[in-house]
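# Compute the structure for the input listed below.
(one chain, ligands or ions: 1)
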Amino acid sequence: MRPAVRKYHWLMTETQLTVTGMTCDHCVRHVTDAISKVAGVHSVNVKLAEGIAVIESDASLDLQVVKDAVVAAGYSA
Ligand SMILES: [Cu+2]
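Sure, this is the predicted structure:
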């Protein structure tokens, strides 16, 4: 693995966001799609039972933009 790749990985940040209003896997897909489109997001794992989204992103992620995306999709964050 090249040094540039490792350095990139060190900058990754994991953020947990509480998401309310999800009732089924369809909702999970909506929220996942919405958060995935936010700049800086690398991966997102939405957990229906816990009502959270675990987001792996650049350190520069703007959490307010993520929350706005969730609200725009029809849920609350
Ligand atoms: Cu649903």
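
# rest of the way, CA atoms for contacts and neighbours
OK.

# does any bit of stretch 69-77 sit next to the ion?
No: judged by CA under 5 Å from the ion, stretch 69-77 stays clear of the ion, getting no closer than 10.2 Å.

# Can I get that stretch in PDB, CA atoms only?
The C-alpha coordinates for stretch 69-77 follow below in PDB (Å, rounded to 0.1, in the frame of the first residue of the first chain):
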ATOM      1  CA  ALA A  69     -30.100  15.900   3.600                       C
ATOM      2  CA  VAL A  70     -31.900  13.600   6.100                       C
ATOM      3  CA  VAL A  71     -34.600  16.100   6.700                       C
ATOM      4  CA  ALA A  72     -35.000  16.600   2.900                       C
ATOM      5  CA  ALA A  73     -35.500  12.900   2.500                       C
ATOM      6  CA  GLY A  74     -38.400  13.100   5.000                       C
ATOM      7  CA  TYR A  75     -36.800  12.100   8.300                       C
ATOM      8  CA  SER A  76     -35.500  13.900  11.300                       C
ATOM      9  CA  ALA A  77     -31.900  14.200  12.500                       C
END
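
# contacts for that stretch?
17-22, 30-31, 34-35, 38, 67 (CA atoms under 8 Å, 6 or more residues apart in numbering).

# Which pLDDT value belongs to the nearest residue to L61 once chain neighbours are set aside?
Leaving aside its chain neighbours, L61 sits nearest to G40 (5.4 Å; criterion: CA to CA, 6 or more residues apart in numbering). As predicted, G40 sits at a pLDDT of 93.

# Now do the same contact list for the spatially most central residue of the chain.
Geometric centre of the chain, nearest residue: I55, 3.7 Å, by CA atoms, centre = their mean. Applying CA under 8 Å, 6+ apart to I55 gives the contacts 13-17, 41-45.
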